[in-house]
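K.L.:
Pasting a predicted model and its sequence here:
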Amino acid sequence: MKYNKILAAIDFSEVTENVVRKAATFAKNHGSEIYVLHIVEPSPSYSLSGLSDVSTQLLEQAKLDILPVCTQYGVSEESIYTKMVPLKAGILEFIETQNIDLIFMGSHGKSGIARVLGSCTNSITHIANCDIYIVRTIA
């Protein structure tokens with residue numbers, strides 16, 4: 001199977017750089033397009049008076065924070081996306097709208113509670129309509 005569009009879904013956990021590196025290397029070796037996506041989960045406090053620009057600032061900062069890692073592995077700034085939506089729904093929507101063939105994700109994210117309740121990665125593996133490459137934390 002030819003993978004034309006690859007997504008590196010990141011969360012700034014310890015495995016993020018490894019996810020970007022592996023996805024970018026795979027994309028380069030297979031002549032695929034690559035996208036990097038970071039989801040910032042919405043919070044009711046962002047919509048409070050005086051904080052309306054917080055969400056925009058968070059999204060812009062997330063893009064700036066991941067840019068050096070992406071640049072290091074040959075991913076262009078135009079291929080980096082940040083969105084403020086619920087995590088699982090945001091990833092699934094991006095997969096659908098961009099016609100992603102393969103997604104690279106960390107084995108578990110920043111939240112330790114996710115290990116108890118079920119991680120986003122685990123949920124996506126059961127719902128997504130594309131192949132998934134799970135990247136483990138570097139020991």
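P.N.:
Now that the structure is in, tell me what you want to look at. All of these numbers come straight from a predicted model, not from anything done at the bench.
K.L.:
alpha carbons only for contacts and neighbour counts from here, please
P.N.:
OK.
K.L.:
Buried residues, the strand or helix carrying I91. List them.
P.N.:
Using DSSP states H and E, I91 sits within helix 87-97. For helix 87-97, burial by neighbour count (16 or more other Cα atoms under 10 Å) applies to 87-88, 90-92, 94-95.
K.L.:
Can you name the next helix or strand after that helix?
P.N.:
Following helix 87-97 in sequence, per DSSP H and E, is strand 102-106.
K.L.:
Strand partners (parallel or antiparallel) of that next one?
P.N.:
Note on strand 102-106: by DSSP bridges, its sheet partners are strand 5-10 (parallel), strand 131-135 (parallel).
K.L.:
Out of those, flag the one nearest Q57.
P.N.:
Proximity to Q57 (Cα to Cα) singles out strand 5-10 among the strands paired with strand 102-106, at 18.1 Å.
K.L.:
got the angle between the closest one and helix 87-97?
P.N.:
160 degrees (axes from the mean of the first three to the mean of the last three Cα atoms, to 10 degrees).
K.L.:
all helices in the chain, in order from the N-terminus.
P.N.:
In the chain, the helices defined using DSSP state H lie at 16-30, 54-72, 87-97, 113-117, 120-127.
K.L.:
what's in contact with the second one?
P.N.:
Okay, so that is helix 54-72. 17, 20, 38, 40, 42, 46, 76-77, 80-84 (Cα atoms under 8 Å, 6 or more residues apart in numbering).
K.L.:
Out of these, who's the most crowded?
P.N.:
V20 (29 neighbours; other Cα atoms under 10 Å).
K.L.:
For that one, report the pLDDT, please.
P.N.:
At V20, the model reports a pLDDT of 97.
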